[in-house]
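**Q** Structure for this input, please:
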Amino acid sequence: MSVDPMAYETQFFGFTPQTCVLRIYTAFQDYLFEVILLAEGVMLKKLDGIPGCKIGPSQIRKCTEKFVVFMTEHFDKLFAKMEEMLLQLVLNIPENALLPEDRVQEQYRYSKEEFQALQDELEQLQQQCRAEVDTEQALREELEEQKVVVAELEKVLQCFDGLDTICREHGVSSFKGSFAFLTQSSKKLQDVLKHVEEKSKKIKKHDQLM
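**A** Numbers count the residues shown, from 1 in each chain. Okay, the predicted model is just below:
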């Protein structure tokens with residue numbers, strides 16, 4: 001059996017030429033064994049009908065086995081020549097032949113250096129694509145963070161709107177005035193709290209004296 005991979009022939013036929021040849025060889029052997037068994041059965045029936053025949057089944061089996069060996073040896077010799085003819089003349093694609101799917105290679109031929117340059121350029125483009133994907137992912141994460149910040153700012157604005165409404169209810173219209181009003185209110189509350197604490201301390205001392 002030939003060891004040539006015959007890759008181009010495999011691409012065209014869809015199977016390796018060696019596989020085809022092997023199947024032909026196997027099919028012949030199967031057919032030979034099948035015919036021998038049928039012939040053996042016919043001979044046994046014929047001999048059973050002959051009175052006084054001394055040829056038994058074991059003798060017929062020995063003869064058929066010798067015949068199989070004889071046929072196999074001769075067929076192997078013939079098949080070696082047939083295999084050579086099949087692989088060289090039938091299942092072989094000439095070196096100057098070009099399959100339709102490979103015609104693009106004839107139109108766009110590249111040297112080894114040019115092909116390597118294309119490979120390098122392709123690798124650079126792949127790296128750029130990966131970098132773009134990473135950048136896009138980082139921008140998405142930053143956008144999500146900005147959304148959280150915007151939501152917090154909206155809460156602060158709502159708080160200021162509420163304060164502004166309260167200040168307007170107390171006659172303060174400007175934003176600066178609002179802060180002044182809140183400062184004064186806070187100071188008044190601190191004074192009241194301080195006064196309450198002082199009274200609380202006096203009451204405790206009075207209770208202790210009593």
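
**Q** Report the secondary structure state of the nearest residue to residue 92 once chain neighbours are set aside.
**A** In this structure, residue 92 finds its nearest non-sequential neighbour in residue 9, 6.5 Å apart by C-beta to C-beta, 6 or more residues apart in numbering. Using the backbone N, CA and C atoms, a C-beta is placed for each residue, glycine as well. Assigned with DSSP: H, G, I helix; E, B strand; the rest coil, residue 9 falls in the helix class.

**Q** Looking at stretch 190-209 now, give me its mean pLDDT.
**A** In this model, stretch 190-209 has a mean pLDDT of 68.

**Q** Also stretch 44-51?
**A** For stretch 44-51, mean pLDDT rounds to 78.

**Q** Next: stretch 98-118.
**A** 76.

**Q** Quick one: end-to-end length of it, please.
**A** Distance between the two ends of stretch 98-118: 24 Å, counting by C-alpha to C-alpha, to the nearest Å.

**Q** residues making contact with it?
**A** 8, 11, 12, 93 (C-beta atoms under 8 Å, 6 or more residues apart in numbering).

**Q** buried subset of those residues?
**A** Buried subset of the contacts of stretch 98-118 (neighbour count, 16 or more other C-beta atoms under 10 Å): 8, 12.

**Q** about what we covered before: pull the contacting residues for the residue nearest to residue 92.
**A** Taking C-beta under 8 Å, 6+ apart as the test, what residue 9 contacts is 16, 17, 91, 92, 93.

**Q** Include distance to residue 195 and secondary structure when you put the residues you listed into a markdown table, please.
**A** Formatted as a markdown table, those follow (distance: C-beta to C-beta, whole Å; DSSP: H, G, I helix; E, B strand; the rest coil):
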| residue | distance to residue 195 | secondary structure |
| --- | --- | --- |
| 16 | 105 | coil |
| 17 | 110 | helix |
| 91 | 112 | coil |
| 92 | 113 | coil |
| 93 | 109 | coil |
